[in-house]
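In: here you go, sequence then predicted model.
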Amino acid sequence: MSLEETPDYRKRKRTSHACDPCRYRKVRCDGRHPCTTCANTGEECVYGTEAVPKNKSDLILEVAVRSERLLQDMSAQLARVSGMLDGKASSQYHTSPTAIISPSTINGAHRADSPGDHISNATLSAFHASTTESILAWPHFNDFQSLREDHSFSVFHLESSRAPLAPRPTTVHPYASRSEIDRVVHSFQRNVNFWYPTMSVAQAAEVQVHIAAGVFGDSVKSCLALLVMALGCASELICSYAAHEDPNSEELELRSHRRAMGEIYFDCAFKKIYLAQAECTVDAVQSIFFAFLQRPLQAWSFIHATAAKCRLLLAYHNPDANPTEQECLRRIFWSCYILESDYLAELSALPQTGIADIESSIPLPGEYQTHLSQTDEEQSSLYFLACISMRRLLNRVHNLLYARDTGVAFDNHQFPSVVAELAHQLEEWKDLLPPPFHFTVDPRPLPCTAAAFLRQRYLTCKSVIYRPYLTWALSMTATATVEHFPPQLLEGCKICLEACWLHAQNLGSYPHTVLVDTWICSLSMASVMLVTLAASRLTALRGCLAPQVAEMGPHLAKLLTQWMHIPGHGVSPSVLQSVKLIGDAGVLLRMRLGQTAVELFN
């Protein structure tokens with residue numbers, strides 16, 4: 001159908017989110033406020049003068065635009081907070097607020113080389129102080145010397161000493177019937193392509209045709225098709241664990257088959273990955289992206305390569321490029337941004353790709369047909385936008401509070417105002433979520449696994465935001481009573497500890513968590529146990545710990561032990577070490593809480 005023949009409602013759908021100046025000039029608008037075009041020309045960016053009916057796609061973009069405005073508001077408010085605190089006396093941890101926030105970057109045009117671009121771009125500072133390893137190094141664990149001696153480990157050294165993934169001696173391309181291919185690709189679409197919606201319906205159809213033909217030449221398309229099948233098999237395997245806690249013999253046999261098929265498909269694809277690394281096309285970028293494994297260092301290396309190609313292709317934009325390919329590329333960019341940030345949160349010294357340095361200049365995901373069902377496509381886009389905005393907020397939290405040279409987490413004069421603003425933005429993020437992803441902040445299970453995953457992200461962010469109150473409290477004597485604590489300090493500690501407990505209590509076998517986040521989740525839960533154990537040292541804080549806290553360790557260890565054996569090609573040493581740390585910390589925590597109960601009884 002030609003443009004002239006396009007129905008009127010379709011024309012409106014494509015332009016309904018454009019600002020008035022872009023409408024007038026008939027140029028593409030990215031929907032920001034102000035949009036990139038208006039920011040560059042200096043025009044006032046106004047929306048809504050022309051009444052255009054909203055459809056569901058418009059609502060997706062509206063959520064993204066509102067999220068962008070919230071981040072801009074946070075930038076401006078944090079800048080004002082830092083400005084007010086700039087002249088005040090601070091502790092020995094005094095920092096320069098202007099090193100964190102540069103007001104000139106808030107309303108001005110984006111400059112990639114600006115030294116004060118920390119707010120325009122949600123980056124993670126190298127060597128930040130919020131990793132699990134840095135928490136274990138707290139002086140408050142001097143009372144638990146055996147714990148520190150047994151678990152003072154380097155995540156990087158543990159993973160780098162791991163034996164490489166051994167390829168199969170011979171490559172045997174597996175046979176799959178058309179119905180099996182359809183089922184596996186559907187599993188990929190329902191899971192991986194829902195969380196990271198980068199593959200279009202047309203591409204998925206090409207994969208099905210390619211696999212059904214059974215001809216796997218040395219091409220990027222063959223590599224991509226095999227990777228999709230590998231991830232589809234892995235998704236089926238993960239969903240089996242989520243659905244069957246007590247599997248029968250038939251289900252166990254089916255799991256073994258899916259694991260074997262996934263390994264064969266991945267092995268075939270892995271032997272062709274050099275083709276994708278040699279090319280610089282959207283297909284090549286997509287192939288490298290889907291090659292990520294549960295091995296963090298290898299996964300990071302593929303994400304690093306993918307992000308580098310993304311930056312190159314985005315920098316040298318071809319005006320004649322296929323819009324669908326450009327949208328695919330941008331979605332891979334945002335997927336890499338989320339995943340790279342997750343790895344940097346625990347491996348803070350990893351070399352960064354630089355995608356975070358330009359993220360504010362890359363449009364958020366737009367229209368892209370990733371699923372046959374319009375409802376699935378819309379919910380996937382909304383979920384993706386929610387994950388992007390949460391990752392951006394998490395990066396800002398880490399950077400503002402825990403950056404090595406500029407973080408204010410250990411400055412009791414500065415952090416309360418910053419924490420209050422970040423907490424406000426977190427609640428705004430939660431309130432912005434569309435109805436399918438609404439959640440309650442309590443231990444009740446949720447019927448929607450996507451909402452459950454977002455709740456876990458929310459609780460992670462909340463505990464990290466309020467952690468400075470806990471470190472402040474830990475600097476006081478262990479015998480300090482509640483009366484010695486300022487009300488604000490005690491309330492901040494309560495919020496942090498409750499978020500930690502709920503984060504652990506609500507952990508479940510969500511497919512997104514198990515397939516992609518087992519490694520990061522194990523370290524995050526180890527941090528939860530360490531923070532809770534440190535709090536149990538203080539008489540005043542023991543009353544903030546719910547009785548169920550004593551059962552956190554066994555609950556977490558059981559889940560993570562099950563997950564780390566799912567891949568079937570060896571166990572991650574850092575996940576194993578995290579599970580042991582959780583177990584040992586859990587024993588010490590139960591002893592502490594039991595001691596408190598005896599003291600109260602006496």
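Out: Perfect, I can see it now. Numbers count the residues shown, from 1 in each chain.

In: going forward, measure contacts and count neighbours with C-alpha atoms only.
Out: Will do.

In: so for the strand or helix carrying Leu394, what gets flagged as buried?
Out: Using DSSP states H and E, Leu394 falls within helix 374-402. The neighbour-count criterion (16 or more other C-alpha atoms under 10 Å) identifies 377-402 as the buried residues of helix 374-402.

In: quick one: pLDDT of Ser361?
Out: You'll see Ser361 listed with a pLDDT of 88.

In: for Glu180, same thing?
Out: On pLDDT, Glu180 comes in at 95.

In: ok so, going back, next structured bit after the helix holding Leu394?
Out: Assigned by DSSP H and E, the successor of helix 374-402 is helix 415-432.

In: helix 374-402 and that following helix, what's the angle between them?
Out: Angle, helix 415-432 to helix 374-402, by axes from the mean of the first three to the mean of the last three C-alpha atoms, to 10 degrees: 180 degrees.

In: who does helix 415-432 touch, helix- and strand-wise?
Out: Secondary-structure packing of helix 415-432 (3 or more C-alpha pairs under 8 Å, 6 or more residues apart in numbering; DSSP states H and E): helix 56-85, helix 374-402, helix 449-474.

In: same question for the last one, mean pLDDT?
Out: Put plainly, it is helix 449-474. The average pLDDT for helix 449-474 rounds to 96.

In: shaky segments in the stretch 251-400 of the chain?
Out: Where the stretch 251-400 of the chain drops to pLDDT under 70, the residues are 291-294.

In: how many residues are close by the residue nearest to Leu589 when sequence neighbours are not counted?
Out: Distances taken as C-alpha to C-alpha, 6 or more residues apart in numbering put Leu533 closest to Leu589, at 5.6 Å, once the chain neighbours are dropped. Applying other C-alpha atoms under 10 Å, we find 24 residues neighbouring Leu533.

In: could you do His438 as well?
Out: Each residue near His438 was counted by other C-alpha under 10 Å, and the total is 18.

In: so it touches Ala451, yeah?
Out: Yes. Taking contacts as C-alpha atoms under 8 Å, His438 lies within contact range of Ala451: 6.3 Å.

In: on that earlier part again, quick one: the helix holding Leu394 to helix 449-474, angle?
Out: Using the same axes, to 10 degrees: helix 374-402 against helix 449-474 is 10 degrees.

In: check which helices and strands helix 374-402 sits against.
Out: The contact analysis (3+ C-alpha pairs under 8 Å, 6+ apart) places helix 374-402 against helix 56-85, helix 192-195, helix 323-344, helix 415-432, helix 449-474.

In: can you put these in a markdown table and add mean neighbour count?
Out: Below are the helices and strands packed on helix 374-402 laid out as a markdown table (neighbours: other C-alpha atoms under 10 Å):
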| stretch | mean neighbour count |
| --- | --- |
| helix 56-85 | 18 |
| helix 192-195 | 22 |
| helix 323-344 | 21 |
| helix 415-432 | 18 |
| helix 449-474 | 22 |
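
In: among those, which is nearest Cys310?
Out: Taking C-alpha to C-alpha, helix 323-344 is the member of those nearest to Cys310, at 6.1 Å.

In: list the helices and strands that closest one packs on?
Out: In this structure, helix 323-344 packs against helix 282-289, helix 296-315, helix 374-402, with contacts taken as 3+ C-alpha pairs under 8 Å, 6+ apart.

In: and of these, who's closest to Glu159?
Out: With respect to Glu159, and counting by C-alpha to C-alpha, the nearest of the helices and strands packed on helix 323-344 is helix 296-315 at 6.9 Å.

In: buried set for the closest one?
Out: Of all the residues in helix 296-315, those buried under the rule 16+ other C-alpha under 10 Å are 296-300, 302-311, 313.

In: likewise for stretch 215-232?
Out: By 16+ other C-alpha under 10 Å, the buried positions in stretch 215-232 come out as 216, 220-232.

In: Tyr510 reaches Pro447, doesn't it?
Out: No. Contact status for Tyr510 versus Pro447: not in contact, 11.1 Å apart, counting by C-alpha under 8 Å.

In: which residues are contacting stretch 132-144?
Out: 129, 148, 152-154, 346, 474, 523-524, 526-527, 530-531, 534 (C-alpha atoms under 8 Å, 6 or more residues apart in numbering).
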